[in-house]
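Asker: what's the 3D shape of this:
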Amino acid sequence: MSHEEELRGELRNAVASDSSGIVVDLTECEFIDSSGVRALLLSREARNSGDGTEHLAVAAASEQILRILSVMGIDRVIPIRPTVEEAASAIAG
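Answerer: Prediction:
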């Protein structure tokens with residue numbers, strides 16, 4: 001199983017079972033490619049209630065991950081914070 005398949009599976013389970021928000025902790029992640037980004041975007045879309053409230057956020061401490069997500073424009077559609085706590089706050093209201 002690839003890391004992307006694992007991420008997709010975990011996100012799919014979180015979307016199905018979580019009624020509030022999801023924080024994706026990428027602090028241990030060294031690299032993310034387009035398939036990982038796609039998994040994040042699909043999960044965001046699945047959690048989007050249409051009310052303008054964000055239900056998915058990313059915690060990404062690595063400068064490399066932050067740079068990749070920024071270059072891809074993900075930081076404009078998904079809250080990205082340096083810590084899990086700050087990511088949770090971004091979706092808490």
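
Asker: so who does the residue lying closest to Ile91 once chain neighbours are set aside touch?
Answerer: Among residues not flanking Ile91 along the chain, Gly21 sits closest, at 3.6 Å (Cβ to Cβ, 6 or more residues apart in numbering). C-betas here are computed from N, CA, C, even on glycine. By Cβ atoms under 8 Å, 6 or more residues apart in numbering, the residues touching Gly21 are Arg47, Glu54, His55, Leu56, Ala57, Ala88, Ile91, Ala92.

Asker: so who does the last one touch?
Answerer: For Ala92, the contacting residues are Gly21, taking Cβ under 8 Å, 6+ apart as the criterion.

Asker: likewise for the third one?
Answerer: His55 makes contact with Ser20, Gly21, Ile22, Arg44, Arg47, Asn48, Ser49, Ile91 under the criterion Cβ under 8 Å, 6+ apart.

Asker: how about the nearest residue to the fourth one, chain neighbours excluded?
Answerer: If I follow you right, that is Arg44. Leu56 (4.5 Å).

Asker: please report phi then psi for the one you found.
Answerer: phi -140, psi 130 (degrees, to the nearest 10).

Asker: and what of Arg12?
Answerer: Torsion angles, degrees, to the nearest 10, at Arg12: phi -60, psi -40.

Asker: now it: closest residue in space that isn't a chain neighbour?
Answerer: Nearest to Arg12 is Ser43, by Cβ to Cβ, 6+ apart, at 7.5 Å.

Asker: ok, that neighbour touching Leu11?
Answerer: Yes: counting by Cβ atoms under 8 Å, Ser43 touches Leu11, with 4.1 Å between them.

Asker: what's the neighbour count on the residue nearest to Arg12?
Answerer: Residues lying near Ser43 (other Cβ atoms under 10 Å) number 22.

Asker: is it true that it lies in a helix?
Answerer: Yes: looking at Ser43 with DSSP: H, G, I helix; E, B strand; the rest coil, it is inside a helix.

Asker: and it, what does it touch?
Answerer: Leu11, Arg12, Ala14, Val15, Ile22, Val24, Leu56.

Asker: how near is the residue nearest to Ile91 to Leu7?
Answerer: Distance, Gly21 to Leu7, using Cβ to Cβ, to the nearest Å: 17 Å.
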